[in-house]
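Visitor: Fold the stuff below for me.
(chains A and B)
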Amino acid sequence: MSLVHQFRSSLARSKTGFIGNLEKLFGSGALSEEFYDELEETLIAGDVGLQTSLKLVGQLKEEVGRLKLKESSEVRNLLLQMLIDLVYSGEAAVEITEQPHVILLVGVNGSGKTTSAAKLANLFCKQGKKVLLVAGDTFRAAAVEQLEIWSERAGVDLIKQQSGSDPSALFFDAINAAQARSVDIVIGDTAGRLHNKYNLMEELNKIYRVIGRNMAGAPHEVLLVIDATTGQNAVNQARSFNETLPLTGLILAKLDGTARGGIVIGIQDALKIPVRYVGTGEKIEDLIPFNAADFVHALLET
Amino acid sequence: MFSSLADKLQNTLRQLRGKGKLNEKDVDAALREIRLALLEADVNFKVVKDFIGAIRERVVGQEVMSSLTPGHQVVKIVNEEMTSLMGGKQSSLIHSGKGPTKILIIGLQGSGKTTTAVKLAAHLRRSDRRSLLVAADTYRPGAIQQLQVLSESIGEQTYSNSNAAPVDICREGLQLATRDGFDAVIFDTAGRLHIDDEMMAELAAIKKTIDPDEVLLVVDAMTGQDAVNAASSFNEAIGLSGVILTKLDGDSRGGAALSVRAVTGCPIKFSGIGEKVEALEPFHPDRMASRILGMGDVLSLIEKVEAVVDKSKARELEQKLRKQQFTLDDFRDQLTQLRSMGSLEEILNMIPGGGNIPKEVKQMSLNENNFKRVEAIIGSMTKNERQEPSLLNSSRRRRIATGSGATVPDVNRLLNQFAQMQKMFKQVGSPETKAQFKKLKKVKKGFPF
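Guide: Purely as a prediction, here's the structure:
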C-alpha cells in the first residue's frame, strides 16, 4: 500500500482536501487571495512552518505570474512540483557501500528510535543481508529488552551490555564483532536525548568518535529519527544533532496518524538533510523508503 | 529583559507614543506579530485565530497606560489572556473519597506515559501515599519491564500479567490495590493512535471497567499542529480529566499546551521536566504563557535559585561580604549551590533569549568539567590557604596543581578570578546594588511591563 493510500484511508474522516478544493478556489479563472490564504493555512496545518510556508506561497505566486498560468490543473502541477523539488534529493534508501556498513540512529526521547532500528534490521534482513543490532540505549529502563525482543522477531543478532554501561565501549566492541562475524550492516540504537542537554550530546559525540576510531569512515549513516507529530522544534533538533555528529538523513516515524510531518520540508529547506525512511505503523515491516511525490500528495490532500 | 516578541511589538507600536488610545490599525500590526509568535510556537492555527480575535476585542480602544509602553501593554494583555485560557491557577489531582484513587494514563506512542506514571507515583509518595502501578501495555516489547524497573527504583509495587488482555490486567490490578489498601492505583496503558478504532475501543472498555478518578492524557510538549486532533479525539472517545505535558526540559516553545487546553477544556495538571523520576512539577499557566510567547521562564529560574540557596548560609555570606572576608571556601560553596540548581544549560534556557545564546558561548561557559576542575583545585589547598590565598607562593601553587590534576596556569587563573570576585563583592554593600536587588525581587511578583 502506498503512502498516499494509507493516508487516504486514515484521513477519510477529515474534510475535503486542499487539492480537492482547488477547483472551487480557482473560481472565475483568476487565482484569488483566498486560494493563497488557504494554501498557506494548509501548509501551516501540516507543520511546514510559517516561514517556509510563506516562502513557498510567495514563490508560487511569482511563478504563476511569470508563466501566466490560467488552468487550475497547471497551477496544481506547478505547486506539487515545487514541493517535490524541495523534498526530493535522490534515492532515499540507504546505499550499502562498506562492510560492515554502520548505521547509527539518534533522536530525542520517544521519537521511535528503537522501533525504527528493529524495522531497519528487518528490512535489510529481508534483502538477504547479515545484520547486527546494537542495543546502544543503555540508559532507559528495559530499552535493551525491547530491542532484544524485536531482534528475535526479525531474526537478527544483537549485541548488548548491562543497563547503565558505557555506550561508546559497547559500540567499539560491536564493530569488532561485526568485522569478526562478516556482518554486512550494523544498526546502532542510542538512548533518546533532548538536543539541548550538553552532556548527553557530548556522550553522543563520543560514541561517534569511538566508532570512527575503530573503523575509518564509520558510521556511514547517521539517521535522525523524528516523530511526525513534532512541530517547529524539529528544526532545532536537526540543527543541534547535526552539529554534534553529521547527519546523513532522517527517518520520519509515526506517519500513520493524522500528523503530516511537514516539518521535514522545513528541515530540508534549512539544513538539506534528506528523508530516507518513513514509519507507517507498529508492525516490524512498517517502514518504507521515502517517496517525495507520495509525501507531497498526502501533505496537500487533507 | 524583554525578548524578541516584545521588542518587535515595541517597534511596531513605536509611532503610538503620545497617542491616547490603541486604534484598530495599530492593533492589527501588533496582532500580526503575535500571530507569528504563536504559530512559531506550534499553537494550532485555528486556536491562534480564535485567540487573536479575543485579544483584538480586548485591546482595541484601550487607554494606553502612562506607566507602560504600548508594546509592553499589548504583551501584558496577551500574557494575561493566555494565562487565563490555560486555566489561570494550578490544578491538582482529584483524590478518591473511598478506596484507592484510580489514575488512568493514556496517550500517543512515545509521549512519555510510562515514565510519567512512575513520576506520578513518586509525586504521591512525597505526601506519603503509596501507589500500585499497573502495566497494561502488552503491545510494545519491553514496556512492562520498563514500568517494573522504574517502579522498583522508587520502591513501589507493580502488577501485570503478560498473558491477559489489558482490560483484565486493569481489573485485576484494581482488585489487588483495593484489597491491599493502596492509596492510589496508576494504570499505564499502551501508546495508541487516536484514529485506531480498535485500540480506542479497548481504552474505552478499560475506563468502563475501572471507573477512574482521573483520566490523564500525556502530551509531548514538542507536538505540532496535530496536537488538537489527537487531544480532541481522545477527549471525545474516552473523556479526559486532565493533561500532563512532558519533555518541557527541551527547548520547544510548547504551543501544544495552549492548543490542547483550547480544544479539550481540560486543565494541564503537571509538567515533566527531566528524565529522573522526581522531574515532575505542577503546571504553571503563567509561566507557560511566557514561554509560548518566547519570553523565557524567569519565575522558574528565581524559584530554583531560592530552592537551593540555603537562607542561613546566605545571611552568613552577606555578613562575610560586608566584612570583606569572602574566602575560597565560600567561593566553593557558591559553585556547589549553582551546580545543584541543575545543569547550567537548563538555567540558561530559562533566561529570556537564553535559547539564542550562540553555541560556542554556551559550550565555553557550560562545560561542567570546568566546574569540577575548580572544585578540585580548591580541594587541593590546605585550610589555611583557603582562608588566606596570599599564602600561595609558586611552590604551593605547583603542589596544588599536581594534587588536583591541573596545571599551574589553571591555578593562577582561578586565583585571578577569585581576586576579581572579591573586588566585585566589595561593591555589594553599596546603596546602588541594594536598589538593584529590590528590583529583582519585584520581578518575581509579576512582570514589570
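Visitor: Could you break the chain into its assigned domains?
Guide: Let's take chain A. Annotated domains of chain A cover A:3-87, A:101-291 [automatic domain parsing].
Visitor: I was after chain B.
Guide: Split by automatic domain parsing, chain B gives B:3-85, B:101-295, B:301-443.
Visitor: Worst mean pLDDT among those?
Guide: Per-stretch mean pLDDT for the domains of chain B is lowest at domain B:301-443 (a mean of 69).
Visitor: Run a quick check on A:A143 versus A:T115, I expect a contact.
Guide: No. Here A:A143 does not reach A:T115: they are 11.1 Å apart, not a contact under CB atoms under 8 Å. (Glycine included, C-beta is placed from N, CA and C.)
Visitor: between these two, which one's more packed in?
Guide: Using other CB atoms under 10 Å in any protein chain shown as the criterion, A:A143 and A:T115 rank with A:T115 on top: 28 against 25.
Visitor: any idea how far the more buried one is from chain B?
Guide: Here A:T115 is placed at a distance of 8 Å from chain B (CB to the nearest CB, to the nearest Å).
Visitor: Help me confirm that that residue comes into contact with A:Y277.
Guide: No. The criterion here is CB under 8 Å, and A:T115 misses it with A:Y277 at 11.8 Å.
Visitor: can you give me the helices for the stretch 51-200 of chain A?
Guide: A:72-87, A:113-126, A:143-154, A:167-180, A:198-214 (DSSP state H, counting those that start in this stretch).
Visitor: These: lowest mean pLDDT?
Guide: Going by mean pLDDT, the lowest-scoring of those is helix A:72-87, which has a mean of 87.
Visitor: And the contacts of it?
Guide: With contacts defined as CB atoms under 8 Å, 6 or more residues apart in numbering or on different chains, helix A:72-87 is touched by A:19, A:22-23, A:26, A:31, A:39, A:56, A:59-60, A:63-64, A:67, A:69, A:264-265, A:268-269, A:274-275, A:292-293, A:295-297, A:299-300.
Visitor: Could you find the closest non-adjacent residue to A:V210?
Guide: A:S168 (4.2 Å; CB to CB, 6 or more residues apart in numbering or on different chains).
Visitor: A:N205 is in contact with that neighbour, correct?
Guide: No. Applying CB under 8 Å, one finds A:S168 not in contact with A:N205, separated by 9.9 Å.
Visitor: Those two: which has the busier surroundings?
Guide: A:S168 (20 against 14).
Visitor: I'd like to know how far the more buried one sits from chain B.
Guide: According to CB to the nearest CB, A:S168 and chain B sit 17 Å apart.
Visitor: Next to chain A, which bits of the stretch 51-200 of chain B? Give me the list.
Guide: Residues of the stretch 51-200 of chain B found near chain A (CB under 8 Å from any CB of the partner chain) are B:108-112, B:139-143, B:145-146, B:148-150, B:153, B:193-195.
Visitor: Just the ones of those in helices?
Guide: Those of these mapping onto helices are B:A143, B:Q145, B:Q146, B:Q148, B:V149, B:L150, B:S153, per DSSP state H.
Visitor: Now render the residues you listed as TSV, adding neighbour count.
Guide: TSV is the format used below for those (neighbours: other CB atoms under 10 Å in any protein chain shown):
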residue	neighbour count
B:A143	24
B:Q145	20
B:Q146	23
B:Q148	18
B:V149	19
B:L150	24
B:S153	13
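Visitor: looking at this, B:I105 is in a strand?
Guide: Yes. Assigned with DSSP: H, G, I helix; E, B strand; the rest coil, B:I105 falls within a strand.
Visitor: Of the domains of chain A, flag the one that's most buried.
Guide: Comparing those by mean neighbour count (mean count of other CB atoms under 10 Å in any protein chain shown), domain A:101-291 ranks first with a mean of 22.
Visitor: Could you give the separation of it from the chain centroid?
Guide: How far domain A:101-291 lies from its chain's middle: 11 Å, per CA atoms, centre = their mean, to the nearest Å.
Visitor: Surely B:V27 is in contact with B:E57?
Guide: No. B:V27 lies out of contact with B:E57 (CB under 8 Å); the separation is 10.1 Å.
Visitor: if we can go back for a sec, next step: the contacts of helix A:72-87 restricted to strands.
Guide: Within these, residues falling in strands by DSSP state E are A:V275.
Visitor: just checking, B:L104 touches B:D188?
Guide: No. Counting by CB under 8 Å, no contact exists between B:L104 and B:D188, whose distance comes to 9.1 Å.
Visitor: neighbour-wise, which of the two wins?
Guide: A side-by-side neighbour count of B:L104 and B:D188, using other CB under 10 Å, places B:D188 first with 30 against 27.
Visitor: Then that one would be within a strand, right?
Guide: Yes. Looking at B:D188 with three-state DSSP, it is inside a strand.
Visitor: how much space between it and B:I206?
Guide: B:D188 is 11 Å from B:I206, where distance means CB to CB, to the nearest Å.
Visitor: Also B:L104?
Guide: Counting by CB to CB, the gap from B:L104 to B:I206 is 7 Å.
Visitor: Could you tell me which residues touch both of those two?
Guide: Contacts common to B:L104 and B:I206, judged by CB under 8 Å, 6+ apart, are B:F187, B:T189.
Visitor: sorry, back to before: so which of the domains of chain B is the most packed in?
Guide: Most buried of the domains of chain B, by mean neighbour count (mean count of other CB under 10 Å): domain B:101-295, with a mean of 22.
Visitor: distance between that one and the chain's centre?
Guide: Here domain B:101-295 is found 18 Å from its chain centre; the criterion is CA atoms, centre = their mean.
Visitor: Would you single out the least confident of the domains of chain A?
Guide: domain A:3-87 (a mean of 75).
Visitor: shared neighbours of B:D188 and B:I206, anything?
Guide: Joint contacts of B:D188 and B:I206 (CB under 8 Å, 6+ apart) are B:A136.
Visitor: Give the helix, strand or coil label for B:S259.
Guide: helix.
Visitor: mind listing what the residue in the stretch 201-350 of chain B positioned nearest to chain A touches?
Guide: Of all residues in the stretch 201-350 of chain B, the one sitting closest to chain A is B:G224 (2.7 Å; CB to the nearest CB). Counting by CB under 8 Å, 6+ apart, B:G224 touches A:D47, A:T229, A:T230, A:G231, A:Q232, A:A234, A:A259, A:I263, B:D42, B:A256.
Visitor: who are the neighbours in contact with the last one?
Guide: Yep, that's B:A256 we're talking about. B:A256 touches A:G231, B:D42, B:V43, B:V219, B:D220, B:A221, B:M222, B:T223, B:G224, B:A227, B:L245, counting by CB under 8 Å, 6+ apart.
Visitor: Now render the residues you listed as JSON lines, adding distance to B:L124 and secondary structure.
Guide: JSON lines is the format used below for the contacts of B:A256 (distance: CB to CB, whole Å; DSSP: H, G, I helix; E, B strand; the rest coil):
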{"residue": "A:G231", "distance to B:L124": "31", "secondary structure": "coil"}
{"residue": "B:D42", "distance to B:L124": "31", "secondary structure": "coil"}
{"residue": "B:V43", "distance to B:L124": "32", "secondary structure": "coil"}
{"residue": "B:V219", "distance to B:L124": "21", "secondary structure": "strand"}
{"residue": "B:D220", "distance to B:L124": "23", "secondary structure": "strand"}
{"residue": "B:A221", "distance to B:L124": "23", "secondary structure": "coil"}
{"residue": "B:M222", "distance to B:L124": "27", "secondary structure": "coil"}
{"residue": "B:T223", "distance to B:L124": "26", "secondary structure": "strand"}
{"residue": "B:G224", "distance to B:L124": "32", "secondary structure": "coil"}
{"residue": "B:A227", "distance to B:L124": "27", "secondary structure": "helix"}
{"residue": "B:L245", "distance to B:L124": "19", "secondary structure": "strand"}
